[in-house]
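*Asks:* need a structure here:
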Amino acid sequence: MKNKNLKIKVFGIGGGGQNSVDYLYLKNKSKNIDFVVINSDEAVLKQAKTRNKYILSGEYCSDKGESLGCGGDPETGKNYALKHINIIREIAGTPDVVFLIASFGGGCGTGAAPVIAEMLKEQGIKTIAIVTKPFCFEGEKRMKQTCEGIEKIKQYVEKYYVVDSQSLLEIFPPMTTLAESWHYVNRKVAEEFYRAINNL
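*Replies:* Now for the predicted structure:
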């Protein structure tokens, strides 16, 4: 099957995954690529540019009843994903390829992405993961959780690509703000995404 005829589903999982998929969604021109963002932080999810979105709600809620996320705990993200896995299976459908895009180190992306990858493998769906590693200044805990998350997800996907945010610092212009830095991360994720499609 030629690449242009492939039915591709892209999941952006967690806050970082949502940002990267929003970036891809706004620049996409292919009708064969379906984008979905999944996040446990309801306030952040409401800001998503991607049309299709799903909330991973769980035990932490605001006074308004909105999901407050996973508190940076991958185990919570895992449990939320398991709770919603049947609906996520329905959302996934039967594409030729699924891309899972997530920033590892926090709770939702790191915890939920491996659960979703395992489900897709059980469904026999070709799955490719693109994950980002945090900047060093984000702390040892997030880096440790990232490494653990990569070890978990790689056993369920056909291929995985790791974008090292720290390595991108050398291309940042002087006085780049933290908010601006995510643009470069998203751009690198997009490069890996289209390279992976070309390699299918």
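
*Asks:* got the phi/psi numbers for the residue of the chain positioned farthest from its centre?
*Replies:* Largest separation from the mean C-alpha position in the chain: Pro174, at 28.4 Å (CA atoms, centre = their mean). Backbone torsions for Pro174, taken as degrees, to the nearest 10, come to phi -60, psi 140.

*Asks:* Quick check: which helices or strands does the helix ranked longest in the chain pack against?
*Replies:* Criterion DSSP state H: the longest helix present in the chain is helix 178-198. Helices and strands touching helix 178-198, by 3 or more CB pairs under 8 Å, 6 or more residues apart in numbering; DSSP states H and E, are helix 14-27, strand 97-103, strand 126-133, strand 159-164. Just so you know, the C-beta spots here come from the backbone N, C-alpha and C atoms, and that holds for glycine as well.

*Asks:* the inter-axis angle of the longest one versus strand 159-164?
*Replies:* Which is helix 14-27. On the basis of axes from the mean of the first three to the mean of the last three CA atoms, to 10 degrees, helix 14-27 is oriented at 100 degrees to strand 159-164.

*Asks:* Then the third one?
*Replies:* Relative orientation of strand 126-133 versus strand 159-164 (the same axes, to 10 degrees): 10 degrees.

*Asks:* I'd like the next helix or strand past strand 126-133.
*Replies:* helix 140-153 (DSSP states H and E).

*Asks:* With only the CA atoms kept, save that next one in CSV.
*Replies:* Only the C-alpha atoms of helix 140-153 are listed here, as CSV (Å, rounded to 0.1, in the frame of the first residue of the first chain):
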residue,chain,number,x,y,z
GLU,A,140,15.8,14.2,37.7
LYS,A,141,12.4,12.9,38.7
ARG,A,142,10.9,13.7,35.3
MET,A,143,14.0,12.3,33.5
LYS,A,144,13.7,9.0,35.5
GLN,A,145,10.0,8.7,34.7
THR,A,146,10.8,9.4,31.1
CYS,A,147,13.3,6.5,30.9
GLU,A,148,10.9,4.2,32.6
GLY,A,149,8.1,5.2,30.2
ILE,A,150,10.3,4.5,27.2
GLU,A,151,11.2,1.1,28.5
LYS,A,152,7.5,0.3,28.8
ILE,A,153,6.2,1.7,25.5
